[in-house]
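>>> model this:
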Amino acid sequence: MFSLPDLFLVGTALDLVGGYLIACGLLIRLPVLAVRAGTFWGGNPTVAIGAVEDRANAITGLLTLSLGFTLQATGYLVEIGWSSSAGVSVGRAVTGAVVSIVIAAVALQFARMVRERLVRRDLLTLARLDVNDVHGTPKMADHPELKALASYARAWRGAQPEETDEEVVSRVFGTVETRVAPTEGTA
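Numbering: from 1, shown residues only. Have a look, this model is predicted:
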């Protein structure tokens, strides 16, 4: 039989779908991102950094929403299927509030840690994409292009005085094998 508590599960399912649909706007594929971020006269690292950071936020936000709604649905299922009438008390309310605050803090810290890794991974991938024009599909190179990766590193983590491209890449990304793009007319 369908009852009022069943609406909680239906609502949770719709919340999951809604969170996914909202995130889809930010979860663009990296080749599309490369074309959008390029000016074809050296690129626009600030736009690329912002888009990659938005993408990382969307991924961590979607994971957090999914976990939260899944736990909520599990609680509803337990309540519908197995719970007897549990008493209500101030102690239970305070405990629930404290646990919720702790879980929210842990989730935010997790999102920050994962976001950093996602931004780094996506910037390395973005620097591997060869974008020749706005109409073609970018091709994935074996290694990131040095100048592109250095410009992303400077936009993401700032520049040091007199720092070479190799030095900024090493400082921000660690040891990374890079490639040098051919100059105009020599490809």
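>>> quick one, what contacts the nearest residue to V168 once chain neighbours are set aside?
The spatial neighbour of V168 that comes closest, neighbours along the chain excluded (Cβ to Cβ, 6 or more residues apart in numbering), is A153 at 4.6 Å. To be clear about C-beta, it is placed using only N, CA and C from the backbone, and glycine gets the same treatment. Contacts for A153 (Cβ atoms under 8 Å, 6 or more residues apart in numbering) come out as L123, V168, V169, R171, V172, F173.
>>> Now the buried members of the residues you listed.
When the contacts of A153 are checked for burial by 16 or more other Cβ atoms under 10 Å, the buried set is L123, V168, V169, V172, F173.
>>> Output the residues you listed in CSV; the columns should cover pLDDT.
Supplementary listing: the buried ones among the contacts of A153 in CSV, determined by pLDDT from 0 to 100:
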residue, pLDDT
L123, 94
V168, 95
V169, 95
V172, 94
F173, 94
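>>> what's the farthest-apart pair in those residues?
The two members of the buried ones among the contacts of A153 with the most space between them (Cβ to Cβ) are L123 and V168, at 12.3 Å.
>>> would you list every one of the helices in the chain?
4-24, 30-37, 45-81, 90-126, 146-157, 165-173 (DSSP state H).
>>> Output the ones you listed as CSV; include the columns distance to K139.
Putting the helices of the chain into CSV (distance: least, Cβ to Cβ, whole Å) gives the following:
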stretch, distance to K139
helix 4-24, 25
helix 30-37, 9
helix 45-81, 17
helix 90-126, 13
helix 146-157, 14
helix 165-173, 21
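>>> Comparing these, which comes out most buried?
Compared across the helices of the chain, helix 146-157 shows the largest average neighbour count, a mean of 22 (mean count of other Cβ atoms under 10 Å).
>>> Please name the residues that touch the nearest residue to L146 once chain neighbours are set aside.
Among residues not flanking L146 along the chain, T178 sits closest, at 4.2 Å (Cβ to Cβ, 6+ apart). Residues counted as contacts of T178 (Cβ under 8 Å, 6+ apart) are A127, H143, P144, E145, L146, L149, E166, V169.
>>> Can you get me a residue count around the third one?
In other words, P144. Taking other Cβ atoms under 10 Å as the criterion, the count of residues near P144 is 23.
>>> Could you pull up the contacting residues of it?
With contacts defined as Cβ under 8 Å, 6+ apart, the neighbours of P144 are L124, A127, R128, V176, T178, R179.
>>> you'd agree L124 is up against V176?
Yes. The pair L124 / V176 is scored as a contact, 6.9 Å apart, by Cβ atoms under 8 Å.
>>> Overlap in contacts, those two.
Contact criterion Cβ under 8 Å, 6+ apart; residues shared by L124 and V176: P144, L149.
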